[in-house]
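**Student:** just need the structure, nothing else, for what follows:
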Amino acid sequence: MLLATALLIVGLLLVVYSADRLVLPRLFFAEPLASRR
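**Tutor:** Now for the predicted structure:
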């Protein structure tokens, strides 16, 4: 039971980490492009 909970927490952390890695660069690249226009 404890192992399943640990795996679930690790999975959620990986999802959040990958989401941050994908979303943050888009936000940082979108702002300069918008300011250039």
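**Student:** what comes up buried for whatever helix or strand A19 lives in?
**Tutor:** Using DSSP states H and E, A19 maps to helix 2-36. Within helix 2-36, no residue is scored as buried using 16 or more other Cβ atoms under 10 Å. Yep, even glycine has a C-beta here, placed from its N, CA and C like the rest.
**Student:** which helices and strands does that helix pack with?
**Tutor:** Secondary-structure packing of helix 2-36 (3 or more Cβ pairs under 8 Å, 6 or more residues apart in numbering; DSSP states H and E): no helix or strand packs against it.
**Student:** and that helix, average pLDDT?
**Tutor:** For helix 2-36, mean pLDDT is 84.
**Student:** and it, how far out from the chain's middle?
**Tutor:** 0 Å (Cα atoms, centre = their mean, to the nearest Å).
**Student:** let the chain start at 263 from now.
**Tutor:** Done: numbering now begins at 263, and the last item shifts to helix 264-298.
**Student:** gap between V277 and L284?
**Tutor:** V277 is 11 Å from L284, where distance means Cβ to Cβ, to the nearest Å.
**Student:** repeat for S297
**Tutor:** 22 Å.
**Student:** then E293?
**Tutor:** 16 Å.
**Student:** and for L264?
**Tutor:** 31 Å.
**Student:** now do A266
**Tutor:** Distance, A266 to L284, by Cβ to Cβ: 27 Å.
**Student:** and for A292?
**Tutor:** From A292 to L284 the distance is 13 Å (Cβ to Cβ).
**Student:** do V272 as well
**Tutor:** For V272, the distance to L284 - Cβ to Cβ - is 19 Å.
**Student:** repeat that for L275.
**Tutor:** 15 Å.
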